[in-house]
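Peer 1: what follows is a predicted structure for the sequence shown.
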Amino acid sequence: MTGVWIGLGVFFVLVVWFISIYNGLVRLRNEKDNGWSQIDVQLKRRHDLIPNLVETAKGYMQHERGTLEAVIKARNAAMVAQGPKQVGQAEGQLGAALQGFFGLSEAYPELKANTNFLALQEELSSTENKIGFARQAYNDAATRYNNAREVFPANMISGGFRPAELYVIEDAKERVVPKVSFGS
């Protein structure tokens with residue numbers, strides 16, 4: 001009779017252990033998904049600001065139609081991208097288009113003095129910072145999740161949990177530190 005109780009005790013401990021590992025993986029997966037949602041919120045904010053920025057600049061930059069169209073095209077591509085890898089590539093292209101746009105805006109002093117343009121530019125800059133923080137939080141959550149699902153003994157029961165993709169910068173130009181110059 002004692003053997004039966006010991007067997008039931010071991011079985012009970014194994015069931016509790018299995019449940020705790022499974023629930024831990026679910027919590028980490030949800031944390032990762034939440035991190036991705038935070039990136040998505042900030043990217044939507046960025047995508048919403050861009051048409052207003054372009055519309056404000058249109059009156060001043062009449063001869064730069066190609067640049068304005070490139071920004072809108074990159075924005076539209078970024079809006080339909082899905083998953084960290086695809087979104088990372090599309091957002092890299094959008095960032096490059098925006099850099100070209102802001103580079104050209106330097107040649108238009110009236111545009112640079114426009115309060116709407118300046119406010120939108122500041123909002124976009126603030127959003128870029130928030131995107132950076134959200135990317136870092138997502139990658140941290142994705143790494144914790146991937147680690148938890150790959151270590152023993154969780155790897156024996158994590159078959160139904162797909163690995164998380166990290167949000168990486170695909171475009172080498174985004175890795176370059178911008179040059180800041182206060183001279184003329």
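Peer 2: Structure's in. What do you need? Residues are numbered from 1 along each chain as shown.
Peer 1: please make it C-alpha for all contacts and neighbour counts, starting now.
Peer 2: Fine.
Peer 1: A154: neighbour count?
Peer 2: Around A154 sit 18 other residues, with neighbours defined as other C-alpha atoms under 10 Å.
Peer 1: show me what the helix of greatest length in the chain is packed against.
Peer 2: For the chain, the longest helix by residue count, based on DSSP state H, is helix 2-58. Packing contacts for helix 2-58, counted by 3 or more C-alpha pairs under 8 Å, 6 or more residues apart in numbering; DSSP states H and E, involve helix 65-80, helix 115-150.
Peer 1: same thing but at 7 Å, please
Peer 2: helix 115-150 (3 or more C-alpha pairs under 7 Å, 6 or more residues apart in numbering; DSSP states H and E).
Peer 1: report the angle between the helix it packs on and helix 2-58.
Peer 2: 160 degrees (axes from the mean of the first three to the mean of the last three C-alpha atoms, to 10 degrees).
Peer 1: for helix 115-150, the distance to its chain's centre please.
Peer 2: 6 Å (C-alpha atoms, centre = their mean, to the nearest Å).
Peer 1: okay, and the helix or strand of the chain with the least pLDDT?
Peer 2: helix 172-175 (a mean of 52; mean pLDDT, DSSP states H and E).
Peer 1: count the residues that sit near L120.
Peer 2: Using other C-alpha under 10 Å, L120 is surrounded by 17 other residues.
Peer 1: measure it to Q99 for me?
Peer 2: 15 Å (C-alpha to C-alpha, to the nearest Å).
Peer 1: residue with max distance from the center of this structure?
Peer 2: Farthest-out residue of the chain from its mean C-alpha position, per C-alpha atoms, centre = their mean: M1, at 58.4 Å.
Peer 1: got the buried residues for stretch 39-58?
Peer 2: 39-40, 42-43, 45-47, 49-50, 53-54, 56-57 (16 or more other C-alpha atoms under 10 Å).
Peer 1: what's the burial count for the residue nearest to A154 when sequence neighbours are not counted?
Peer 2: Leaving aside its chain neighbours, A154 sits nearest to I21 (6.2 Å; criterion: C-alpha to C-alpha, 6 or more residues apart in numbering). Number of residues near I21 (other C-alpha under 10 Å) recorded here: 19.
Peer 1: so how far is L14 from I21?
Peer 2: 11 Å.
Peer 1: Q38 reaches A134, doesn't it?
Peer 2: Yes: Q38 is in contact with A134 according to C-alpha atoms under 7 Å; the separation is 6.0 Å.
Peer 1: send the alpha carbons of stretch 108-128 over as PDB?
Peer 2: The C-alpha coordinates for stretch 108-128 follow below in PDB (Å, rounded to 0.1, in the frame of the first residue of the first chain):
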ATOM      1  CA  TYR A 108      13.800  74.800 -47.800                       C
ATOM      2  CA  PRO A 109      14.100  77.500 -45.100                       C
ATOM      3  CA  GLU A 110      10.400  78.300 -45.200                       C
ATOM      4  CA  LEU A 111       9.500  74.700 -44.500                       C
ATOM      5  CA  LYS A 112      12.000  74.400 -41.700                       C
ATOM      6  CA  ALA A 113      10.300  77.500 -40.100                       C
ATOM      7  CA  ASN A 114       6.800  76.100 -40.500                       C
ATOM      8  CA  THR A 115       5.400  75.400 -37.000                       C
ATOM      9  CA  ASN A 116       3.200  72.500 -38.200                       C
ATOM     10  CA  PHE A 117       6.200  70.900 -39.800                       C
ATOM     11  CA  LEU A 118       8.400  71.400 -36.700                       C
ATOM     12  CA  ALA A 119       5.700  70.000 -34.500                       C
ATOM     13  CA  LEU A 120       5.200  66.900 -36.700                       C
ATOM     14  CA  GLN A 121       9.000  66.500 -36.900                       C
ATOM     15  CA  GLU A 122       9.200  66.500 -33.100                       C
ATOM     16  CA  GLU A 123       6.400  64.100 -32.800                       C
ATOM     17  CA  LEU A 124       8.100  61.700 -35.300                       C
ATOM     18  CA  SER A 125      11.400  62.000 -33.400                       C
ATOM     19  CA  SER A 126       9.600  61.200 -30.100                       C
ATOM     20  CA  THR A 127       7.900  58.200 -31.700                       C
ATOM     21  CA  GLU A 128      11.200  57.000 -33.100                       C
END
